[in-house]
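A.B. asks: Coordinates only, no sequence provided:
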DNA sequence: GAAACGAATTGACCATGGTCATGTTTTGCG
DNA sequence: CGCAAAACATGACCATGGTCAATTCGTTTC
């Protein structure tokens, strides 16, 4: 639960994480079962819950790691120069978070609390805020709003677009396009 | 699951709903257990799942009914004349949806799919769209955006404000104020 | 009203996340 | 070292949502 101090415990924890990662890679996040993890790691079930308050804590950690990897790429990307470009830039992250309903629900629950997912996403906010420039804004986007508020707006729109997408499987919803509409509407200066 | 055709089955279903409503009134949504409901209704567990695909389907129905009652009041209310007023107007609904984390998660999952909750919320969208006026907009709000897009924006901001609130219990977050900030920023013309 | 057939109901059973009293290993200390 | 305390691990057990083959009930047909 808290960081283990003995070498044995650190190894156990690492085994659990490795086992979980391997299962996720093979069968997806939603298919992971605690029993499966502990069996693969060669420990008892109780041990799992001695290391993670609940299943979600482990899953958050795994998802956050994936998000972080995508953000590493984003960070070196060029600042997009249009609403559409901005929406497209978020594409890989949207894809990760909507790859499974289970993942999206997890992220949604975790995105505004404390924890690794929230941390990862606040890193995204930082990148966006940077793109929107300093106190005086950065065209072509609106220049009258604090970048922080704009970043929060993007977050809200992204979450909604993704929510619509995962709530209507097979209905051909396009989160990227929906997102672009809202970003366009709210982050570009009205004419 | 589908509407029952025999009188007996209709009565069973009504009993289940009544039992559930009574439990919710007494102990809240999150505390409701299927076992408890079937015991109170005097039927077997399997009967519950013959009438409702899963627990959530029943809960959605109950929550939607509550939302609808609040909307009846909203519908007769005067159109708010400021962003702050608009946020305040949504207060009762926000309060209902954030009264329990369980409720919020349920609503969030259901809000963009098919079902009674989505239906109730689309009624809210209709009211909002009405307030934002016809094709040419209605001051003091922005007049350059389709009312539908504005209503969707409000929905996104409301969901995010509520999510932050339920994700940080006891932290004194104020969904109404957070909402007002975003509504102000995005729905009022920039100056 | 008896046969036949689908609707409705039953309850034992299952899957799975989570708990906890107990046992084992490691560490720090005299 | 010897030993007590803390950290760690165990697995039987529990809570709860959900399944399904078997059974009972209601309705239709002749």
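C.D. replies: Great, that's in hand. Computed from a predicted model, the values in this text were never measured in an experiment.

A.B. asks: Pick out the residue closest to the middle of chain A.
C.D. replies: Nearest to the geometric centre of chain A sits residue A:67, at 5.0 Å (C-alpha atoms, centre = their mean).

A.B. asks: is any part of the one helix or strand that residue maps to close to DNA strand C?
C.D. replies: Using DSSP states H and E, residue A:67 sits within helix A:55-76. Yes. Under the criterion of C-beta under 7 Å from any atom of the strand, DNA strand C is reached by helix A:55-76 at A:55, A:56. Every residue, glycine included, has its C-beta placed from N, CA and C.

A.B. asks: Are there helices or strands packed against that helix, and which ones?
C.D. replies: Secondary-structure packing of helix A:55-76 (3 or more C-beta pairs under 8 Å, 6 or more residues apart in numbering or on different chains; DSSP states H and E): helix A:7-27, helix A:91-97, helix A:101-110, helix A:116-131.

A.B. asks: relative orientation of it and helix A:7-27 in degrees?
C.D. replies: 70 degrees (axes from the mean of the first three to the mean of the last three C-alpha atoms, to 10 degrees).

A.B. asks: quick one: contacts of the helix or strand following helix A:55-76?
C.D. replies: Counting by DSSP H and E, the next helix or strand C-terminal to helix A:55-76 is helix A:83-89. Counting contacts by C-beta atoms under 8 Å, 6 or more residues apart in numbering or on different chains, the residues outside helix A:83-89 that touch it are A:74, A:77, A:80, A:131, A:141, A:154, A:176-177, A:179-180, A:183-184, A:187-188.

A.B. asks: Go through helix A:83-89 and flag the buried ones.
C.D. replies: Within helix A:83-89, the residues that qualify as buried are A:83, A:84, A:86, A:87, A:89, counting by 16 or more other C-beta atoms under 10 Å in any protein chain shown.

A.B. asks: picking up where we left off before, run a quick check on the residue nearest to the centre of chain A versus residue A:120, I expect a contact.
C.D. replies: Yes. Residue A:67 is within contact range of residue A:120, at 4.1 Å (criterion: C-beta atoms under 8 Å).

A.B. asks: picking that back up, the helix holding residue A:67 vs helix A:116-131, what angle?
C.D. replies: Using the same axes, to 10 degrees: helix A:55-76 against helix A:116-131 is 20 degrees.

A.B. asks: Helix A:55-76 near DNA strand D at all?
C.D. replies: No. Applying C-beta under 7 Å from any atom of the strand, one finds helix A:55-76 separated from DNA strand D by no less than 13.0 Å.

A.B. asks: Quick one: mean pLDDT for that helix?
C.D. replies: For helix A:55-76, the mean per-residue pLDDT is 97.

A.B. asks: if we look at that helix, which residues are touching it?
C.D. replies: A:16-17, A:20-21, A:24, A:29, A:32, A:34, A:37, A:52, A:89, A:92-93, A:96-97, A:103, A:106-107, A:109-110, A:115-117, A:119-121, A:123-124, A:127.

A.B. asks: Only whichever of those residues are buried, select them in ChimeraX.
C.D. replies: In ChimeraX, a selection of the buried entries from these looks like this (16+ other C-beta under 10 Å):
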select /A:16,17,20,21,24,29,32,34,37,52,89,93,96,97,103,106,107,109,110,115,116,117,120,121,123,124,127
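
A.B. asks: what's near enough to touch the closest residue in space to residue A:32 that isn't next to it in sequence?
C.D. replies: Among residues not flanking residue A:32 along the chain, residue A:23 sits closest, at 5.1 Å (C-beta to C-beta, 6 or more residues apart in numbering or on different chains). Applying C-beta under 8 Å, 6+ apart, we find residue A:23 in contact with A:31, A:32, A:36, A:37, A:40.

A.B. asks: swap in residue A:107?
C.D. replies: Listed by C-beta under 8 Å, 6+ apart, the contact set of residue A:107 reads A:63, A:97, A:117.

A.B. asks: What of residue A:129?
C.D. replies: By C-beta under 8 Å, 6+ apart, the residues touching residue A:129 are A:147, A:148, A:150, A:151.

A.B. asks: Need phi/psi at the third one.
C.D. replies: As for residue A:150, its main-chain torsions (degrees, to the nearest 10) stand at phi -70, psi -40.

A.B. asks: got the contact list for it?
C.D. replies: Contacts of residue A:150 by C-beta under 8 Å, 6+ apart are A:128, A:129, A:132, A:141, A:142, A:187.

A.B. asks: The first one and residue A:154 touch, don't they?
C.D. replies: Yes. With contact taken as C-beta under 8 Å, residue A:128 and residue A:154 are classed as touching, separated by 6.0 Å.

A.B. asks: Setting aside sequence neighbours, what's the nearest residue to residue A:94?
C.D. replies: Distances taken as C-beta to C-beta, 6+ apart place residue A:175 nearest to residue A:94, at 5.2 Å, with adjacent residues excluded.
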